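In: Here is a sequence together with a model predicted from it:
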Amino acid sequence: MTNLIEPDTAGEHRFPVTNNLSYMYQLYCSYILLFKNTDACADFMSAGILQQGLQMLVRSHYRPVAGWYEVCGEKIESVYDDHTFNDPPFSKQELDIGFDELAKHVNDSNETLLVPDAPAGLISKETRKDLPMFLVKATYLSSNEGMALGVKYHHSLFDGASFWPFMNNWAYVCKTLVDRQGAPSSSDTVDIPFPPVFGFPDLEGTQQEEDAHIPKQFTHPEYELVTPENCFKEFQACGDTMKEIRMRIEVAEQHEIRASAKIAGVSFISMLSALLWKEVNRLRLVAKPGVGSERSLYTCTVNPRAALGLPANLCASPVLNSAVTRSVAEIAQFETNDLAVLVNQTIDQCNSSDYLRSSIRFLLAHRAHELDDERNGRIPDKKVMLVYICPAAVKCTVSSSRTFPIYHTDFGFGSPAYVRPPYLPFDGCWRIWPTPESAAGIAPGSAVVKEAAIEIYLTQPEYIDPAESPLLSRFLV
């Protein structure tokens, strides 16, 4: 299902990009993929093949990615012409270092060295022509031991659930070109394993007729109304110095967590969230007893596609955040199973199509008010901000990518040796990430999710020592 708006002029096509929450996600996301040249291939991950494959992919299958933004009130569209493409910027460099040193730069998330520069992501009538939707930087070694692929995408067009199929599709096109031992012209096409879908359907149309007469009221703790001077669209650094804590949970340890989740009647993510949220609050309370009465905030990204009956590969970013707060002392004293139930209820509510529609109505109504103020030169008294950006004594901001086909990204020379999520030096950022083992023996495009160890990247203040925690210390890398 491609949600295509009819062209206004011959050859022009428009896709609704942000007819949803995406205007809150006007920023770039970055990743670094590390590849090792195990077989000493002379033309390993050729920049020519990578660039040609990307151009073929976006021109044949992802045309909005080769377009330009157009601001239409509270909606933003991607506009492209049949004969004019805004191909993603592609740069390359060569470094005279060894593979181990390159791997350390990837491991340390050295974005300055390995990730392409991009402008600020805010879309406006002034910036709309200057914002590429996808950027690439290929870093090669003079020794040809391996390479790193740094990528950035604009969050309004993709979220993780749609971006990694895009990456897999790009890799598949390149692998096909490698197998053919030559790059055909960009007019040739290559079938791809993940069919892309663009646009964001009218959410009102997802409501069942028999429920239309039943108005349902919800509060929306995922948002907070703040004064304009305190409204930010991105994370803001706090006063504490942050550090990244890395953990690895083996399959056997996951089985233990799943067994506990089954007893409590909750999901694996809910039980894992409860374990870590409780322990982080306990450690904070030990370090700073005075924060006991202050706010502890848990948020988790929710993919609403299934709840809304939307295609799983819909490209526009429909991510919603669930949220729940209690005091730091309350969370530290919760029974783990009871806390897991609270988290599970919070996430489940966001998987309700009624709740999702209500949340988007809430957001768009406030956004329309903000736009009206801007047009008429008024200073709004309040603006909507995602609650996880707001200050809190303790935060757990959870994003799970463990089932995404991240390590299936094979450009013709094998899976990545390592894929680095971005280091976000903001309190409470918590990423659940797959490991290289997750791709072993699984064909590209397969819906199979292999049981494998997972990694957790957790940002916390330096004064927190996870080694002092019996729970966290067993998972530390």
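Out: Arrived safely, thanks for sending.
In: and residue 282, helix, strand or coil?
Out: helix (DSSP: H, G, I helix; E, B strand; the rest coil).
In: Test my guess that it contacts residue 332.
Out: Yes: with contact defined as CB atoms under 8 Å, residue 282 counts as touching residue 332 (4.4 Å). Just so you know, the C-beta spots here come from the backbone N, C-alpha and C atoms, and that holds for glycine as well.
In: shaky segments in the stretch 201-350 of the chain?
Out: Low-confidence segments of the stretch 201-350 of the chain, defined by pLDDT under 70: 201-216, 231-238, 317.
In: mind redoing it with 50?
Out: 206-214 (pLDDT under 50).
In: what ranges do the strands span in it?
Out: 223-226, 242-249, 295-302, 320-327 (DSSP state E, counting those that start in this stretch).
In: Single out the most deeply packed of those strands.
Out: strand 295-302 (a mean of 23; mean count of other CB atoms under 10 Å).
In: any low-confidence regions in the stretch 1-150 of the chain?
Out: Ranges of the stretch 1-150 of the chain meeting pLDDT under 50: 1-9, 19-22.
In: what ranges do the strands span in it?
Out: Remark: strands assigned in the stretch 1-150 of the chain by DSSP E, counting those that start in this stretch are 12-16, 28-36, 68-72, 75-81, 90-95, 134-141, 146-154.
In: what number of residues lie near residue 266?
Out: Neighbours of residue 266 under the rule other CB atoms under 10 Å: 24.
In: For it, give me the backbone phi and psi.
Out: Torsion angles at residue 266 (phi, psi; degrees, to the nearest 10) stand at phi -130, psi 170.
In: hmm, back to that, more neighbours, residue 282 and residue 332?
Out: residue 332 (22 against 17).
In: list the contacts for that one?
Out: The contact partners of residue 332, by CB atoms under 8 Å, 6 or more residues apart in numbering, come to 278, 281, 282, 285, 292.
In: what about the last one, neighbour count?
Out: With neighbours defined by other CB under 10 Å, the count for residue 292 comes to 18.
In: Then the second one?
Out: Other residues near residue 281 number 27, with proximity taken as other CB under 10 Å.
In: returning to what we had before: can you add distance to residue 60 and give the strands of the stretch 201-350 of the chain back as TSV?
Out: Shown next, in TSV, are these (distance: least, CB to CB, whole Å):
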stretch	distance to residue 60
strand 223-226	38
strand 242-249	39
strand 295-302	30
strand 320-327	31
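In: Starting from the biggest helix by length in the chain, tell me the next helix or strand along the chain.
Out: Ordering each helix of the chain by length in residues (DSSP state H) puts helix 353-375 first. Using DSSP states H and E, the next helix or strand after helix 353-375 towards the C-terminus is strand 383-386.
In: Could you list every helix and strand in contact with that next one?
Out: Judged by 3 or more CB pairs under 8 Å, 6 or more residues apart in numbering; DSSP states H and E, the packing partners of strand 383-386 are strand 223-226, helix 353-375.
In: Out of these, the one nearest residue 69 is which?
Out: In terms of CB to CB, the element of the helices and strands packed on strand 383-386 nearest to residue 69 is helix 353-375, at 16.3 Å.
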